[in-house]
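Student: no sequence for this one, just the structure:
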């Protein structure tokens with residue numbers, strides 16, 4: 001079978017920056033300015049202890065002029081810090097929001113165009129989580145955590161420089177006392193946190209998926225009395241998530257041991273400062289600088305340790321989002337749908353065929369809804385061809401194998417077979433929703449798998465048994481994917497002979513559909529699917545059990561609408577109802593995934 005790209009629970013984070021660069025590039029200038037201003041704000045704060053030390057020295061020496069000068073310098077540093085911090089956070093926040101919007105829009109676009117097989121192989125909640133919650137976390141990281149990271153990192157660098165320049169022996173003693181235990185704690189954190197954030201993110205996705213499925217299946221759960229059973233499953237997923245959060249929390253708690261090293265280091269600075277430097281005014285100022293800088297540097301170091309969890313969580317989320325975008329990357333667009341001249345099963349059209357004038361539809365027979373754009377291919381010579389098609393959902397278990405069919409323009413055929421024979425799978429293959437594992441599906445000589453989605457829809461339209469609707473009005477649902485205005489919608493309804501049905505609705509085209517079409521009957525959803533498909537004006541229309549779950553009156557409406565707009569359009573119907581089957585002269589029976597016989 002064709003390989004289905006699966007989302008990875010723990011995507012590889014190596015090369016993550018390089019993979020994210022194409023999405024970051026449009027925002028790099030704004031982010032660069034933001035980083036520069038944030039580092040400037042950190043430098044202003046880091047220089048405050050040096051200024052305070054200078055004030056202490058000046059006070060002890062009685063130099064009032066120097067006290068005034070340094071005090072004004074402190075005021076200047078404060079103003080620089082406030083302005084630079086505000087500008088940096090503003091620029092980084094704007095860049096983060098723009099990046100998130102780019103990723104969210106792209107994820108929605110990719111999922112909307114993702115192959116049906118890919119979508120069906122994943123829980124909806126998992127994909128929604130990656131496209132919404134995990135992208136939102138990126139915005140929080142850039143807007144809040146990146147400025148904090150820059151502030152802490154900048155303070156450590158500038159503060160370290162201030163200490164070394166003031167007294168390198170005392171700075172060396174400070175680093176020697178603090179860094180070894182701190183590095184040991186960091187090592188223990190890395191050991192404990194290995195895989196912890198990946199596991200937590202994966203379990204969060206499973207909780208979201210279970211919750212989403214419980215909403216979708218709420219009616220079934222209530223009818224079957226299985227709500228309590230599903231609640232236990234949801235509780236089990238939540239317990240696993242709680243265990244994952246506990247693991248990451250234990251890893252973060254490891255970092256608190258650094259506080260003990262901080263206390264010992266500050267005490268050592270005070271003692272060693274008195275011993276190494278003596279007691280003059282300059283030496284007192286140096287001790288003041290070291291105590292204040294150490295306090296700020298240790299706070300910055302602890303802030304960095306607290307942010308480590310956020311960085312890890314963001315890296316995991318970014319890797320999962322990029323994995324989604326990679327998995328849904330559309331194939332290269334093939335703009336030339338011309339037939340393959342080397343394919344013996346797909347002969348070229350007869351050059352002596354009818355001219356465009358001769359191929360005009362006969363009076364009273366329109367291939368398209370007049371005035372509504374659609375497939376412009378009058379004179380289609382070869383119709384729809386299924387050649388030696390095989391398809392499997394599970395490797396080694398073909399649902400269809402060796403299916404070969406031909407539907408010339410204007411063909412009216414019904415596909416029958418037992419449940420599980422592969423009828424719906426065949427319908428999705430003929431509509432281009434699935435790509436066959438072997439063989440080809442061609443229309444007018446063009447391989448559907450090589451066409452873009454819009455071109456496929458103009459050639460072949462499928463009305464599934466369960467027509468999906470979005471919350472809104474009937475007009476909004478009919479215009480979905482067609483772009484038709486109200487005039488075109490009303491005209492289409494009239495051409496299909498459905499005016500009576502529309503007038504019987506509470507608000508006509510403005511009637512609400514409810515969530516997932518809950519306010520409509522199954523038959524009304526089928527009529528929406530039929531009108532929507534006909535607005536596209538496809539050359540081939542496929543109906544998958546369109547009348548299976550509807551009342552006889554609605555079934556008659558659907559069949560009457562099809563009769564009114566048949567024309568040269570190829571019509572393929574999958575049916576179980578005897579009344580529907582008897583309306584067709586050509587019958588195709590699927591048995592065990594292949595077509596053993598046809599009747600006419």
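Tutor: That came through fine. Everything quoted here is computed from the prediction, not taken from an experiment.
Student: Distance check, the residue lying farthest from the centre of the chain against residue 286.
Tutor: Here the centre of the chain is the reference, and by C-alpha atoms, centre = their mean the most remote residue is residue 62, at 66.4 Å. Separation of residue 62 from residue 286 (C-beta to C-beta, to the nearest Å): 18 Å. (Each C-beta comes from the backbone N, C-alpha and C, glycine too.)
Student: One more: residue 494?
Tutor: 92 Å.
Student: Among those two, which residue is more densely surrounded?
Tutor: Neighbours per residue (other C-beta atoms under 10 Å) separate residue 494 from residue 286, with residue 286 holding more: 23 against 12.
Student: check which helix or strand covers the more buried one.
Tutor: helix 281-327 (DSSP states H and E).
Student: what's the next secondary structure element after that helix?
Tutor: Toward the C-terminus, helix 281-327 is succeeded by strand 384-394 as the next helix or strand (DSSP H and E).
Student: Neighbouring strands of that following strand in the sheet, and parallel or not?
Tutor: When pairing is defined by DSSP bridges, strand 384-394 lines up against strand 397-407 (antiparallel), strand 438-443 (antiparallel).
Student: per-residue confidence averaged over the first one?
Tutor: Looking at strand 397-407 alone, the average pLDDT works out to 88.
Student: what about the helix or strand just after that strand, distance to the chain center?
Tutor: Next helix or strand after strand 397-407 toward the C-terminus (DSSP H and E): strand 412-417. In this view, strand 412-417 has its centroid 38 Å away from the chain centroid, taken as C-alpha atoms, centre = their mean, to the nearest Å.
Student: do the same with stretch 570-580
Tutor: Its chain's C-alpha centre and that of stretch 570-580 lie 37 Å apart, by C-alpha atoms, centre = their mean.
Student: average pLDDT across that stretch?
Tutor: 82.
Student: what does that stretch contact?
Tutor: With C-beta atoms under 8 Å, 6 or more residues apart in numbering as the test, stretch 570-580 has contacts from 383-384, 407-416, 423-424, 426-427, 430, 539-548, 555, 559, 562, 581, 584.
Student: Pull out the buried residues from those residues.
Tutor: Those of the contacts of stretch 570-580 that meet the buried threshold are 383-384, 407, 409-416, 423-424, 426-427, 430, 539-548, 555, 559, 562, 584, by 16 or more other C-beta atoms under 10 Å.
Student: Show me where the stretch 1-150 of the chain has its helices.
Tutor: Remark: helices assigned in the stretch 1-150 of the chain by DSSP state H, counting those that start in this stretch are 16-24, 28-46, 48-61, 64-112, 116-120, 124-131, 133-140, 146-166.
Student: Identify whichever of those lies nearest to residue 322.
Tutor: helix 16-24 (5.3 Å; C-beta to C-beta).
Student: Would you mark the buried spots in the closest one?
Tutor: 19-20, 23.
Student: Check stretch 66-83 too.
Tutor: The neighbour-count check on stretch 66-83 (16+ other C-beta under 10 Å) flags 67, 70, 73-74, 77, 80-81 as buried.
Student: Could I get these in TSV, plus columns for pLDDT and distance to residue 461?
Tutor: Formatted as TSV, those follow (pLDDT from 0 to 100; distance: C-beta to C-beta, whole Å):
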residue	pLDDT	distance to residue 461
67	78	84
70	78	79
73	85	75
74	83	73
77	86	69
80	90	64
81	87	63
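Student: who does whichever strand or helix holds residue 553 touch, helix- and strand-wise?
Tutor: Per DSSP H and E, residue 553 falls inside helix 552-564. Contacts defined by 3 or more C-beta pairs under 8 Å, 6 or more residues apart in numbering; DSSP states H and E place helix 552-564 against helix 522-535, helix 578-581.
Student: Buried ones in the shortest one, by neighbour count?
Tutor: What that stands for is helix 578-581. Using 16+ other C-beta under 10 Å as the burial criterion, the residues of helix 578-581 that qualify are residue 580.
Student: now do stretch 494-501
Tutor: Within stretch 494-501, the residues scored as buried using 16+ other C-beta under 10 Å are 495-496, 498, 501.
Student: ok so, going back, redo the helices of the stretch 1-150 of the chain as a markdown table? Include distance to residue 181.
Tutor: Output for the helices of the stretch 1-150 of the chain, formatted as a markdown table (distance: least, C-beta to C-beta, whole Å):
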| stretch | distance to residue 181 |
| --- | --- |
| helix 16-24 | 30 |
| helix 28-46 | 23 |
| helix 48-61 | 23 |
| helix 64-112 | 31 |
| helix 116-120 | 50 |
| helix 124-131 | 39 |
| helix 133-140 | 32 |
| helix 146-166 | 17 |
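Student: before we move on, the earlier item: just the closest of the buried residues of helix 16-24 to residue 169, please.
Tutor: When the buried residues of helix 16-24 are compared for distance to residue 169 (C-beta to C-beta), residue 20 wins out at 43.8 Å.
Student: Looking at the buried residues of stretch 66-83, spot the one nearest residue 111.
Tutor: residue 81 (43.8 Å).
Student: In space, what's closest to the closest one - neighbours in sequence excluded?
Tutor: residue 44 (3.9 Å; C-beta to C-beta, 6 or more residues apart in numbering).
Student: check contacts around that neighbour.
Tutor: Each residue near residue 44 by C-beta under 8 Å, 6+ apart is listed here: 77-78, 80-81, 84.
Student: got JSON lines for the residues you listed, with distance to residue 202 too?
Tutor: Shown next, in JSON lines, are those (distance: C-beta to C-beta, whole Å):
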{"residue": "77", "distance to residue 202": "46"}
{"residue": "78", "distance to residue 202": "46"}
{"residue": "80", "distance to residue 202": "45"}
{"residue": "81", "distance to residue 202": "41"}
{"residue": "84", "distance to residue 202": "40"}
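Student: And the helices in the stretch 151-300 of the chain?
Tutor: Remark: helices assigned in the stretch 151-300 of the chain by DSSP H, counting those that start in this stretch are 168-193, 196-216, 218-224, 227-253, 258-277, 281-327.
Student: Kindly state which of these is positioned closest to residue 37.
Tutor: Short answer: helix 281-327, nearest of the helices of the stretch 151-300 of the chain by C-beta to C-beta, at 17.7 Å.
Student: by how many degrees do the closest one and helix 133-140 diverge?
Tutor: Calculated by axes from the mean of the first three to the mean of the last three C-alpha atoms, to 10 degrees, helix 281-327 forms an angle of 150 degrees with helix 133-140.
Student: wait, what's in contact with the nearest residue to residue 405 once chain neighbours are set aside?
Tutor: Nearest non-adjacent residue to residue 405, counting by C-beta to C-beta, 6+ apart: residue 386, 4.3 Å away. Shown in contact with residue 386 (C-beta under 8 Å, 6+ apart): 403-406, 426, 429-430, 439-441.
Student: what's the spacing between residue 386 and residue 404?
Tutor: From residue 386 across to residue 404, the span is 6 Å (C-beta to C-beta).
Student: do residue 107 as well
Tutor: Residue 107 is 39 Å from residue 404, where distance means C-beta to C-beta.
Student: so who does residue 422 touch?
Tutor: The neighbours of residue 422, taking C-beta under 8 Å, 6+ apart as the test, are 391, 399-400, 590, 593.
Student: Now it, what are its backbone angles?
Tutor: phi 110, psi 20 (degrees, to the nearest 10).
Student: same question, residue 447
Tutor: According to degrees, to the nearest 10, residue 447 has phi -70, psi 120.
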